[in-house]
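Trainee: Structure of the sequence below:
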Amino acid sequence: MHSPESMITQTQDWLERLVIGENLCPFAHREFARATIRYEATESADEHVIYDTICNEILKLDQEPAISTTLLLLPAYQDFASFLSIVGMAEHMLVTHGWQHRYQFAHFHPDYVFSNADPDDPANYTNRSPVAILHFLRSEHMTKVLERCPDPENIPVRNVARLRELGIEGILTILNKGAAS
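Mentor: Numbering: from 1, shown residues only. Here you go, the predicted structure:
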């Protein structure tokens with residue numbers, strides 16, 4: 001298994017090369033450039049530990065306004081189906097703890113496949129990442145970004161079209177760019 005530092009570096013490379021480089025998320029570039037993204041990694045697969053870690057990360061967001069968003073890396077969840085159970089837990093936590101209006105939630109996984117999608121569809125790369133990630137972001141920041149973004153409801157459609165245009169080989173070339181250097 002990779003060290004937390006190497007997983008964070010891989011995640012930062014993925015953000016810079018694919019998410020920001022292909023403009024998949026209008027929110028990411030500014031926060032990446034300002035270094036307001038918090039990266040936290042836990043190697044635990046214990047749901048109780050993950051629960052506590054999520055609570056701690058939300059509390060950090062509450063207490064530290066300089067942090068705009070948190071990426072919680074979960075390398076123990078290599079199996080996509082198992083990861084989805086953690087996604088369900090995180091979604092439930094946002095509601096039961098009353099956080100759903102202050103924070104939004106997204107998730108990414110190396111083997112992400114949308115329901116009813118072919119596993120080889122390049123569109124799956126909108127949510128594929130180098131390691132399993134739970135992403136918590138401030139709703140107020142996202143609202144401000146989306147106000148300045150033309151046609152925000154079509155971001156997913158544009159992302160799917162762009163990734164299909166690139167194809168898997170093109171996406172992998174972007175992701176591996178500089179890896180040999």
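Trainee: Would you mind identifying the helix or strand in this protein with the lowest mean pLDDT?
Mentor: Every helix and strand in the chain was compared by mean pLDDT, DSSP states H and E; the lowest is helix 139-148, with a mean of 72.
Trainee: starting at the chain centroid, how far to it?
Mentor: Distance of helix 139-148 from its chain centroid, counting by Cα atoms, centre = their mean, to the nearest Å, is 17 Å.
Trainee: now do stretch 107-118
Mentor: Counting by Cα atoms, centre = their mean, stretch 107-118 comes out at 13 Å from the chain centroid.
Trainee: Okay, buried residues for that stretch please.
Mentor: Within stretch 107-118, the residues that qualify as buried are 107, 108, 109, 112, 113, counting by 16 or more other Cβ atoms under 10 Å. C-beta coordinates here come from the backbone N, C-alpha and C atoms, glycine included.
Trainee: same question for that stretch, mean pLDDT?
Mentor: Summarised as a single mean, pLDDT over stretch 107-118 is 94.
Trainee: Repeat that for stretch 52-69.
Mentor: 95.
Trainee: for stretch 8-24, same thing?
Mentor: 95.
Trainee: what's the span of it, first residue to last?
Mentor: End-to-end distance for stretch 8-24: 19 Å, by Cα to Cα, to the nearest Å.
Trainee: Not counting sequence-adjacent ones, nearest residue to residue 45?
Mentor: Of all residues not flanking residue 45 in the chain, residue 76 sits nearest, at 3.7 Å (Cβ to Cβ, 6 or more residues apart in numbering).
Trainee: Extract the CA atoms of the helix or strand hosting residue 56 and return them as PDB.
Mentor: In the assignment (DSSP states H and E), residue 56 maps to helix 47-63. The C-alpha trace of helix 47-63 is given here as PDB (Å, rounded to 0.1, in the frame of the first residue of the first chain):
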ATOM      1  CA  GLU A  47     -16.600   1.900   9.500                       C
ATOM      2  CA  HIS A  48     -16.500   3.300  13.100                       C
ATOM      3  CA  VAL A  49     -13.100   4.800  12.400                       C
ATOM      4  CA  ILE A  50     -14.400   6.200   9.100                       C
ATOM      5  CA  TYR A  51     -17.400   7.600  10.800                       C
ATOM      6  CA  ASP A  52     -15.300   9.400  13.400                       C
ATOM      7  CA  THR A  53     -12.900  10.600  10.700                       C
ATOM      8  CA  ILE A  54     -15.800  12.100   8.800                       C
ATOM      9  CA  CYS A  55     -17.000  13.800  11.900                       C
ATOM     10  CA  ASN A  56     -13.500  15.200  12.600                       C
ATOM     11  CA  GLU A  57     -13.200  16.500   9.000                       C
ATOM     12  CA  ILE A  58     -16.500  18.300   9.100                       C
ATOM     13  CA  LEU A  59     -15.500  19.800  12.500                       C
ATOM     14  CA  LYS A  60     -12.300  21.000  10.900                       C
ATOM     15  CA  LEU A  61     -14.200  22.600   8.100                       C
ATOM     16  CA  ASP A  62     -16.500  24.300  10.800                       C
ATOM     17  CA  GLN A  63     -13.500  25.500  12.800                       C
END
